[in-house]
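> Got a sequence here, can you model it:
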Amino acid sequence: MAKPSKRWNAARERVDTQRKYSLSEAVDLIRDTATAGFDETVDLAVRLGVNPRHADQMVRGATGLPHGVGKVVRVLVFADGDAAKAAEAAGADYVGSDELIEKIQGGWFDFDKAVATRDLMGKVGRIGRVLGPRGLMPNPKVGTVVAPEHVGQAVKDLKGGRIDFRVEKSGIVHAPVGKASFEAGQLQDNIVALVNELMRLKPSSAKGTYLRGVALSSTMGIGVRVDTNDLLRAAGR
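Numbering: from 1, shown residues only. This is a model prediction of the structure:
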């Protein structure tokens, strides 16, 4: 096992892994200790009081972050006719139908998100086996299967920083909330937006404490625990 770098050790000395920091303190620590030679992504991990093995406790959704995630998102759209024109006008990187399906069947996956109009899902379903494992299959639950008249807005949402999330078997949701280069207020706004959406999606069958633990981390940095009570206050809850 490789020894921790001096940079990581310096960050470790600044973070008390047993302490739960306020949201503002946690964000400041993450930004200050993200000293890799690139703009590190900041991720939020939220442990929920749900049992994902029960269908009625599966938490899954999508939400727009006020300041985006600091990443250029390549959007592919399965559409034709006027819907295809609307997708192109909204900034989609790739638009088409049969030709895109054939290209993907051949092993091409140079895109980050896929949207489909409802009328084409019969065709898109044929490549579900290759799109699904990569998290690229359009899904109405996260707003990527839409009516033809809504395809333009779906593209704009994805380009503008909308993220998808899904609770894992362990009950944890992981999601990017921005870059270390973001201003502290921008990261806080994004975190609050995601937490508010998670709270909105709280299953009625979930018992006990719902928001059980929260941690922030950067790509190459150390995790920082966040005080859930302070976070809920910041979210107005």
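> Name the next helix or strand downstream of the worst-scoring helix or strand of the chain on mean pLDDT, please.
Ranked by mean pLDDT, DSSP states H and E, the helix or strand of the chain with the weakest confidence is helix 6-14, at a mean of 70. As assigned by DSSP states H and E, the chain's next helix or strand after helix 6-14 is helix 23-33.
> Can you list the buried residues in that next one?
23, 26, 27, 28, 29, 30, 31, 33 (16 or more other CB atoms under 10 Å). Where C-beta positions appear, they are placed from N, C-alpha and C, glycine not excepted.
> Please apply the same query to stretch 96-114.
Buried residues in stretch 96-114, counted by 16+ other CB under 10 Å: 96, 97, 100, 101, 103, 104, 111, 113, 114.
> just stretch 55-67 next, same as before
Of the residues in stretch 55-67, those buried (16+ other CB under 10 Å) are 57, 59, 61, 62, 63, 64, 65, 67.
> now it: mean pLDDT?
If you average the pLDDT over stretch 55-67, you get 89.
> cool, stretch 22-42 as well?
92.
> residues in contact with that stretch?
7, 10-11, 14-15, 21, 69-71, 176-182, 184, 187-188, 191-192, 216-222, 224-227, 230-231, 234 (CB atoms under 8 Å, 6 or more residues apart in numbering).
> Equivalent analysis for stretch 103-121, please.
By CB under 8 Å, 6+ apart, stretch 103-121 touches 73-80, 83, 87, 92-94, 97, 124, 127, 130-131, 134, 136-138, 144-148, 151, 154-155, 158.
> Give me the nearest residue to the residue positioned nearest the centre of the chain, chain neighbours excluded.
Here the mean C-alpha position of the chain is nearest to the C-alpha of residue 163 (CA atoms, centre = their mean), at a distance of 3.6 Å. With sequence-adjacent residues excluded and distances taken as CB to CB, 6 or more residues apart in numbering, residue 163 is closest to residue 175, at 5.5 Å.
> Show the contacting residues for that neighbour.
With CB under 8 Å, 6+ apart, residue 175 has these contacts: 43, 44, 163, 165, 194.
> mind checking which helix or strand residue 225 is in?
Per DSSP H and E: strand 224-226 holds residue 225.
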